[in-house]
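dropping the sequence and predicted coords here.
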Amino acid sequence: VGSEMCIRDSSNIVPNAGFVGRFNYAFDNKYLLEISGRYDASYKFVGSKRWTLFPAVSIGWRLSEEKFFKETLPFVDNLKIRGSVGKLGNDTGVNAYMFLRTLQATSSDPSVVIGSGSQNAYKTNSLDNPDLTGENVTIYNIGFESTLWSGLLGVEFDAFYKITKDILCLLYTSDAADEL
């Protein structure tokens with residue numbers, strides 16, 4: 001099929017790295033604290049923005065372990081109120097290496113003569129973005145859990161509030177939009 005040969009290949013390997021840690025503390029089985037964190041890296045961002053810390057903290061109070069509570073409501077086996085806040089990250093809305101400037105041939109036919117040879121002309125098809133970072137999500141949670149009458153009835157309630165910042169999306173130039 002002619003003297004030209006085209007070799008193409010692709011990979012769907014997604015290299016990521018991360019570390020996770022957690023600390024739990026319970027005082028007198030009443031007052032609860034958990035601190036955790038993830039330190040994640042994504043190859044989709046420039047080196048100085050590659051690693052990000054995502055902390056979380058959770059507190060709880062087991063009211064049913066308090067003396068005044070046991071005396072007042074003996075049919076309640078467990079009543080715990082809790083709250084937490086944590087951060088998460090996301091890099092799925094961005095293509096790999098978008099922090100780099102890329103070039104594209106203007107056509108498959110040579111269009112520029114340099115010296116005695118013809119060459120392809122290239123144009124910038126995407127600008128570099130060294131400030132590109134991952135999407136950041138903060139989630140707040142409050143809730144309670146309770147069991148009553150020796151476990152005959154159990155109730156649990158949670159409310160969440162989520163804030164997403166730095167939402168990742170692709171923006172197209174007028175040239176790129178024409179090619180879609």
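On my side now, so go ahead.

burial of residue 102, as a residue count?
Residue 102 has 12 neighbours, counted by other CB atoms under 10 Å. The way it works is simple: take the backbone N, C-alpha and C, and place the C-beta from them, glycine included.

for the one 3 residues further on, same thing?
By other CB under 10 Å, the residues close to residue 105 number 14.

give me the distance between residue 160 and residue 143.
9 Å (CB to CB, to the nearest Å).

ok, residue 104 touching residue 121?
No - using CB atoms under 8 Å, residue 104 makes no contact with residue 121, being 10.0 Å away.

so which helix or strand takes in the closest residue to residue 17 other than its chain neighbours?
Nearest residue to residue 17 in three dimensions, chain neighbours excluded: residue 41, at 4.4 Å (CB to CB, 6 or more residues apart in numbering). In the assignment (DSSP states H and E), residue 41 maps to strand 31-42.

next one: the closest residue to residue 26 other than its chain neighbours from residue 82, what distance?
Spatial nearest neighbour of residue 26, excluding adjacent residues (CB to CB, 6+ apart): residue 32 at 5.2 Å. Distance, residue 32 to residue 82, using CB to CB: 7 Å.

between the two, what contacts are shared?
58, 59, 60, 61 (CB atoms under 8 Å, 6 or more residues apart in numbering).

these: which two are farthest apart?
58 and 61 (11.5 Å; CB to CB).

mutual contacts of those two, please.
In terms of CB under 8 Å, 6+ apart, residue 58 and residue 61 are both contacted by the residues 32, 82.

can you show me the strands along the chain?
For the chain, the strands defined by DSSP state E occupy 16-27, 31-42, 51-62, 76-90, 102-105, 112-114, 117-119, 122-126, 135-148, 153-165.

lowest mean pLDDT across those, which one is that?
Per-segment mean pLDDT for these reaches its minimum on strand 112-114, at a mean of 70.

returning to that earlier point: mind checking which of residue 160 and residue 143 has more residues around it?
residue 143 (15 against 10).

beta-bridge partners for the more buried one, please?
Note on residue 143: beta-bridge partners by DSSP bridges are residue 82, residue 158.

so it makes contact with residue 161?
No - using CB under 8 Å, residue 143 makes no contact with residue 161, being 12.0 Å away.

just to revisit the earlier point, for the residue nearest to residue 17, list each beta-bridge partner.
Beta bridges link residue 41 to residue 17, residue 51 when assigned by DSSP bridges.

report the contact partners of residue 37.
With contacts defined as CB under 8 Å, 6+ apart, residue 37 is in contact with 20, 21, 22, 53, 54, 55, 56.

and those residues, which is closest to residue 90?
residue 54 (10.3 Å).

and that closest one, what does it touch?
Residue 54 neighbours (CB under 8 Å, 6+ apart): 37, 38, 39, 40, 86, 87, 88, 89.
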